[in-house]
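>>> what's the 3D shape of this:
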Amino acid sequence: MSQPTSVENDAPARLPPYSAGAERGILGSLLLDAPRVIETCYDHEVASPDAFFVPAHRVIFKAIQHMFGTGLAIDAVTVADYLKGTGELEMAGGPAGLEKILDATPSAAHAEYYVEIVRQKALLRRALDCAHEIERDCYAESSDMSADELVATAEQRFMQVAGDRRKGVVGWKEALRETYGTIDKLLQGGVSGVSTGFANLDSKMRGLRNGEMIVLAARPSMGKTSLAMNICECLASGRSVAGQPLRGGFKEYGGKVPVAIFSLEMSQYALAMRMVCAKAQISASFLESGNLNAAKARKRFQDACDELQKCLLFVDDTGGIDVMELRSRARRMKRQHGIGLIMIDYLQLLNCREYSKQGRQLEVAAISANLKAMAKELNLPVIVLSQLTRGPEQRSGKFDKPRLSDLRDSGAIEQDADVVLMLRRPCKMPGTDNESDRNDERLAIVDVAKHRNGPVGEVRLNFEAQYTQFSDRDDGPGADDSIPE
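Numbers count the residues shown, from 1 in each chain. I've put the predicted structure just below:
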């Protein structure tokens, strides 16, 4: 019986994709018209010497880049003189090599054509490099990664190639135009990101911004899942809690924002039941007790379901998921459904197999870093729910106001987060100094404890515990939309 051959021995040796002619065409065009052609290279994402496969061509392009950046004149003679000074002239083929490149390019008119060919070949080589890395990982017997982790890592690598392909240098004028658009929205009473659906929260946060990780933390039974779900419902329905059109929604979805929910604690059925009861304004405990007028209740539940069916919600209730697998699923949701917000309930239930044996603190730090990286990679806001330690209950023998240091398991959460919201209900905190707040069972306070791009402070909301529903409070800061002088 013949022995199976390895992939390496079975595959013929082949050179990676490249075009020496197109590379010479770019270099010759640069020697003829460097200012125009170098901008063409940057515009078409050929801004690195690694885009060139031939070693001599990489040396020449790197030298021209440096000379252009320092304002030196560029032609065959000056480039040869510069390479001689750096000791790289022979690596570039000598003066004769430069003259040969120049003779092969009579005009710089076709530079765009050469640049596009080189860009395509460089992209193919990067894809091959990713494939080879994945192949090595699959055959590595000593690898501690599971098959699921390998697939998630492979997807991330190829997504990185695609992401780098789309990146480019943004012109200063374009950046100013985008900035002015944001300022104009704020002056009109809008938000710099997408609205939370709560006027009081928006008055402090000015919306949820792309690329930011927003941590919503609280002790158990304070309503953090309810608040996060209320925000998700507002975005997915395109309506604020007051029933007004959502500010900052996606035009292609009629003002709505597709929302992905990763619920590690509650099942999809439990979330749906909570949302339907809140929309129908019927307590779930009343429903389970059976003390309802069935005909009237059925009509209200049917209307609620009809309305919630229009929400752009996508729920994944897989428990104990690895953070790399979560990122992989988030990428697919973004690609398939155009997701504009991700909510994760909650951070401490996530795992990170790579750091699982190095202690919970390092594992949570890795999870937090991955979630922040996901927000930047997918360019959308990520709301992450988090537990707090018992610190607020143990300080001074009373239930004290939560602090950033109370975030459970790792201080990295505080460092990675762009916004940290601390939710508390004074009626559940015997140590609350303000007696009127302590006696108000509807009052909920969201403390914006950290805000990388804005002010901090407290926001007051109403919470209807029987419906698990938050709403704006008349005495909150969002009740007055006036702009301070």
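>>> give the contact list for Asn453.
Taking CB atoms under 8 Å, 6 or more residues apart in numbering, we find Asn453 in contact with 209, 212, 418. C-beta here means a position set from N, CA and C on the backbone, and glycine is covered the same way.
>>> for Ile321, same thing?
Applying CB under 8 Å, 6+ apart, the residues near Ile321 are 262, 264, 329, 350-351.
>>> measure it to Asn370 for me?
12 Å (CB to CB, to the nearest Å).
>>> again with Lys334
Lys334 is 16 Å from Asn370, by CB to CB.
>>> same question, Gly69
Applying CB to CB, the value for Gly69 to Asn370 is 35 Å.
>>> Compare neighbour counts for these two and give me the winner.
Asn370 (20 against 9; other CB atoms under 10 Å).
>>> how much distance is there from the helix or strand hosting the more buried one to the middle of the chain?
Secondary structure from DSSP states H and E places Asn370 in helix 360-378. Centroid separation for helix 360-378 versus its chain: 11 Å, with CA atoms, centre = their mean, to the nearest Å.
>>> Next, the buried residues of that helix.
By neighbour count with 16 or more other CB atoms under 10 Å, helix 360-378 contains the buried residues 362-372, 374-375, 377-378.
>>> Touching, Ala108 and Ala34? I think so.
No. Counting by CB atoms under 8 Å, Ala34 is not a contact partner of Ala108; they are 9.1 Å apart.
>>> which SSE is Phe61 in?
According to DSSP H and E, Phe61 maps onto helix 55-69.
>>> Could you spell out the sheet neighbours of the helix or strand containing Arg460, each with its direction?
For Arg460, the element it lies in under DSSP H and E is strand 457-464. According to DSSP bridges, strand 457-464 has the following sheet partners: strand 443-451 (antiparallel), strand 469-472 (antiparallel).
>>> Please name whichever of those is nearest to Met273.
Nearest of these to Met273, taken as CB to CB: strand 469-472 at 13.6 Å.
>>> residues near Gln65, how many?
18.
>>> Let's verify Val420: helix, strand, or coil?
Following DSSP: H, G, I helix; E, B strand; the rest coil, Val420 is assigned to strand.
>>> related to what we said a few turns ago, farthest pair within the contacts of Ile321?
Most distant of the contacts of Ile321, by CB to CB, are Arg329 and Asn351, 14.1 Å apart.
>>> which non-adjacent residue is nearest the residue nearest the centre of the chain?
With distances taken as CA atoms, centre = their mean, Ala375 lies nearest the centre of the chain, 1.5 Å away. Closest residue to Ala375 apart from its sequence neighbours, by CB to CB, 6 or more residues apart in numbering: Val382 at 4.2 Å.
>>> to the chain's geometric centre, what's the distance from the strand holding Arg460?
That offset, for strand 457-464, works out to 27 Å (CA atoms, centre = their mean).
>>> Output it as PDB - backbone C-alpha positions only.
Extracted in PDB, the C-alpha atoms of strand 457-464 (Å, rounded to 0.1, in the frame of the first residue of the first chain):
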ATOM      1  CA  GLY A 457     -22.200  63.100  34.500                       C
ATOM      2  CA  GLU A 458     -25.400  61.500  35.500                       C
ATOM      3  CA  VAL A 459     -28.600  61.000  33.500                       C
ATOM      4  CA  ARG A 460     -31.900  60.300  35.100                       C
ATOM      5  CA  LEU A 461     -34.400  57.900  33.600                       C
ATOM      6  CA  ASN A 462     -37.700  56.300  34.600                       C
ATOM      7  CA  PHE A 463     -37.900  52.500  34.900                       C
ATOM      8  CA  GLU A 464     -41.100  50.500  34.900                       C
END
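>>> Low-confidence ranges, the stretch 1-150 of the chain, go.
Across the stretch 1-150 of the chain, the ranges flagged by pLDDT under 70 are 1-13, 43, 141-145, 148.
>>> what's near enough to touch the residue nearest to the centre of the chain?
By CB under 8 Å, 6+ apart, Ala375 lies in contact with 210-213, 342, 381-382.
>>> In JSON lines, list the residues you listed along with neighbour count, pLDDT and distance to Glu414.
JSON lines is the format used below for the contacts of Ala375 (neighbours: other CB atoms under 10 Å; pLDDT from 0 to 100; distance: CB to CB, whole Å):
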{"residue": "Asn210", "neighbour count": "16", "pLDDT": "88", "distance to Glu414": "21"}
{"residue": "Gly211", "neighbour count": "16", "pLDDT": "89", "distance to Glu414": "18"}
{"residue": "Glu212", "neighbour count": "22", "pLDDT": "90", "distance to Glu414": "14"}
{"residue": "Met213", "neighbour count": "25", "pLDDT": "91", "distance to Glu414": "11"}
{"residue": "Ile342", "neighbour count": "25", "pLDDT": "93", "distance to Glu414": "20"}
{"residue": "Pro381", "neighbour count": "26", "pLDDT": "93", "distance to Glu414": "18"}
{"residue": "Val382", "neighbour count": "26", "pLDDT": "93", "distance to Glu414": "16"}
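>>> how about the helices of the stretch 101-250 of the chain, start to end?
Assigned by DSSP state H, counting those that start in this stretch, the stretch 101-250 of the chain shows helices spanning 111-139, 147-166, 172-187, 199-205, 224-237.
>>> Pull the distance from the fourth one to the chain's centre.
Put plainly, it is helix 199-205. Centre-to-centre, helix 199-205 and its host chain are 22 Å apart (CA atoms, centre = their mean).
>>> And it, what does it pack against?
strand 443-451, strand 457-464 (3 or more CB pairs under 8 Å, 6 or more residues apart in numbering; DSSP states H and E).
>>> ok, and which of those strands has the densest surroundings?
Stretch with highest mean neighbour count among those: strand 443-451 (a mean of 21; mean count of other CB atoms under 10 Å).
>>> the inter-axis angle of that one versus helix 224-237?
80 degrees (axes from the mean of the first three to the mean of the last three CA atoms, to 10 degrees).
>>> where's Tyr82 relative to Arg177, distance?
38 Å.
>>> one step back: wait, which of the contacts of Ala375 is closest to Cys138?
Ile342 (29.2 Å).
>>> Three-state assignment for the closest one, please.
strand.
>>> got the contact list for it?
Contacts of Ile342 (CB under 8 Å, 6+ apart): 259-262, 330, 374-375, 378, 380-383.
>>> go with 7 Å
By CB atoms under 7 Å, 6 or more residues apart in numbering, the contact set of Ile342 is 260, 330, 380, 382.
>>> of the residues you listed, the lowest pLDDT goes to which?
Lowest pLDDT of the contacts of Ile342: Ala330, 88.
>>> burial measure for it, as a count.
Neighbours of Ala330 under the rule other CB under 10 Å: 23.
>>> I'd assumed Ala260 was in contact with it.
Yes. With contact defined as CB atoms under 7 Å, Ala330 and Ala260 form a contacting pair (6.4 Å).
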